[in-house]
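Enquirer: What follows is a predicted structure for the sequence shown.
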Amino acid sequence: MVYTIDKLPGLHALRVIAAVSVYIGHCIFWSAHWLPLNGATTSVASNVTIGLQLFYVVSAFSLMYSMRVHDLTPDWTKNFYIRRFWRIAPLFYVMMVVDGIITYFREDRTPSVVEVIVNALFVNNLTPQYTSSMVYTGWSVSVEMLFYSIFPLVFIHIRTLNRGIIFAVVTTIVSQASRLYLDTIPQPLNSTYGDWSVIVQMQYFAFGTLAYLVYERLKQGGFATPAPMVKTALRHAVFIAPLAAIVAISALYKDEMVAMRRIDLTLIGIGFGVLTVWFSVLRIPALNWGPIQYFGERSYSLYLLHTPVIFMMQPLIIQMFQWFERGIGAWAIIPVLIIVYVPIMIVSMITYAWIERTGMDVGRRLRSKRPSRDEPLPVVSQP
């Protein structure tokens, strides 16, 4: 007998939103190097790539949620590390080769032995020299894996709402304080090490952890039980109101908050926590739509694949933009974004089936071969 948990379709929906938003931001950013995009269009790129922080919030939430099944099982920490490694590493290692080849032909550059090693060990984010990664957008995977390394401690000790709040406050303070120094270290693409470092990004995992604890409290309090239409609408309003306030404050005072060591990103991270609780505790039928769930499972492939596909399609992107531009001007970037994403989705379906699933199967077999020292656990019903 084993534990079982309910699926939360809202989490896959959030992963799709995150993957698509990062894609839009990166596609516009790189296209601006090749095409005459207007200022309004390029400003979108600087705003929507925050979908990456949404990934972090959702990741911490989903880990806290799913680990309820395993926390009392034998060797749960070892099984956690096996599961996470084989979920992330296989596709990442393939993309190290693919992106390395693309970089060689685009930039006439080959990685050093040290660069290969720190990337393979997922510790490249710990040093400014290698934090940008051999894999396009791979710096964030290093951040994710570094969080995995401490997650069992988080899961063991951050189990109450009060501790979750303390965790979020402390990581936010550390994040803001560390930027005083980290922002003095330049990085590619007009950024700083403060934009990339795991120390700064850790606050988003804390927000995801706190979001789960809030979700758990609301579930236990009957917040998710079926209710009349008016009461259900009021429950949705509980989440919509703070999200609207966060969006308004972020828009009205963006320049001031950017100057304050990017406190705007902290505020948006809190908003992502609210959004995650909302999409999890209140079931929204549209989020359970088949294609959303399908590509939510493939969001890791969507994320790692989008930048190399954009680079490989550069000549076609230029041609398509010039063709559409004759009819709709600068709005030509919109159909280009839609068309370019089609091959990304197709390739992600292939890499998920051949690489991601294979890795998960290997991890599953390795865990099943581990000897069990305890008696089987009873089934625990879910709220």
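Expert: Received the coordinates, thanks.
Enquirer: Hmm, Met202 is touching Phe151, no?
Expert: No. With contact defined as Cβ atoms under 8 Å, Met202 does not count as touching Phe151 (11.4 Å). Just so you know, the C-beta spots here come from the backbone N, C-alpha and C atoms, and that holds for glycine as well.
Enquirer: Could you measure from the residue sitting nearest the centre point of the chain over to Ala32?
Expert: Closest to where the C-alpha atoms of the chain average out (Cα atoms, centre = their mean) is Phe55, at 1.8 Å. Computed as Cβ to Cβ, to the nearest Å, the Phe55 to Ala32 distance reads 23 Å.
Enquirer: Could you do Gly138 as well?
Expert: 22 Å.
Enquirer: Which residue of these two possesses the greater neighbour count?
Expert: Gly138 (23 against 16; other Cβ atoms under 10 Å).
Enquirer: Spit out the contact partners of that one.
Expert: Applying Cβ atoms under 8 Å, 6 or more residues apart in numbering to Gly138 gives the contacts 92, 95-96, 99, 119, 124, 304.
Enquirer: Swap in 10 Å and give it another go.
Expert: Gly138 makes contact with 92, 95-96, 99, 119, 122, 124-125, 131-132, 303-304, 307, according to Cβ atoms under 10 Å, 6 or more residues apart in numbering.
Enquirer: One more: Ser31?
Expert: 37, 41-42, 45, 310, 314, 317-318, 321, 333, 336-337, 340.
Enquirer: Scan the helices and strands of this structure for the one with the lowest mean pLDDT.
Expert: helix 39-48 (a mean of 71; mean pLDDT, DSSP states H and E).
Enquirer: Against which helices or strands is the helix or strand following that helix packed?
Expert: As assigned by DSSP states H and E, the chain's next helix or strand after helix 39-48 is helix 51-66. Secondary-structure packing of helix 51-66 (3 or more Cβ pairs under 10 Å, 6 or more residues apart in numbering; DSSP states H and E): helix 9-31, helix 76-107, helix 139-157, helix 198-220, helix 263-281, helix 299-312.
Enquirer: Quick one: the helices in the stretch 251-383 of the chain, in order.
Expert: Counting by DSSP state H, counting those that start in this stretch, the stretch 251-383 of the chain has helices at residues 254-259, 263-281, 290-297, 299-312, 314-328, 333-351, 357-369.
Enquirer: wait, doesn't Arg365 sit right on Trp86?
Expert: Yes. Judged on Cβ atoms under 10 Å, Arg365 makes contact with Trp86 at a distance of 9.4 Å.
Enquirer: Mind checking which of the two has more residues around it?
Expert: For Arg365 versus Trp86, the count of surrounding residues by other Cβ under 10 Å is larger for Trp86: 20 against 11.
Enquirer: what number of residues lie near the closest residue to the more buried one other than its chain neighbours?
Expert: Leaving aside its sequence neighbours, Trp86 sits nearest to Gly363 (Cβ to Cβ, 6 or more residues apart in numbering; 3.0 Å). For Gly363, the neighbour count with other Cβ under 10 Å is 20.
Enquirer: list the contacts for Gly363?
Expert: 79, 81-87, 89-90.
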